[in-house]
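Take a look and give me a structure for this.
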Amino acid sequence: MRKAFVMQLKPGFEAEYKRCHDEIWPELVALLKAYGIADYHIFLHPRTLQLFGIFEVPESFDDRGLKREPVMLRWWQSMSPLMETLADSDEPQAIPLIPTFYLE
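Reported below is the predicted structural model:
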């Protein structure tokens, strides 16, 4: 199953966001893979600073469980100064996108 979302980067943090992902924590990579996340891509719109993400997950994907994992929570905390987050949380505001077209 494919999932996609949009998040919002704060102005002036483009290079820092890229650097953080270039140096992504091995324990975070292991966690994402343990939850079945694969083929994960994030793209930046250079004018709006919107981040578009897309990844594959199994039908049994447990996003609620992932959101409670200590490594995930630490990652969000480290990224929260760079992007828009949910109120009273370090979790990024991630708007799920609706599948509309796919060409195989």
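
helix/strand/coil for the residue nearest to the spatial centre of the chain?
With distances taken as Cα atoms, centre = their mean, Gly53 lies nearest the centre of the chain, 6.4 Å away. Secondary structure assignment for Gly53 (DSSP: H, G, I helix; E, B strand; the rest coil): strand.

so what's it bridging to?
Listed by DSSP bridges, the beta-bridge partners for Gly53 are Phe5, Ile42.

so what's it scoring on pLDDT?
Note for Gly53: predicted pLDDT of 98.

try Asp90
In this model, Asp90 carries a pLDDT of 98.

host element of it?
Under DSSP states H and E, no helix or strand contains Asp90.

ok so, going back, hang on, the residue nearest to the centre of the chain packs against Tyr40?
Yes: Gly53 is within contact range of Tyr40, at 7.2 Å (criterion: Cβ atoms under 8 Å). The way it works is simple: take the backbone N, C-alpha and C, and place the C-beta from them, glycine included.
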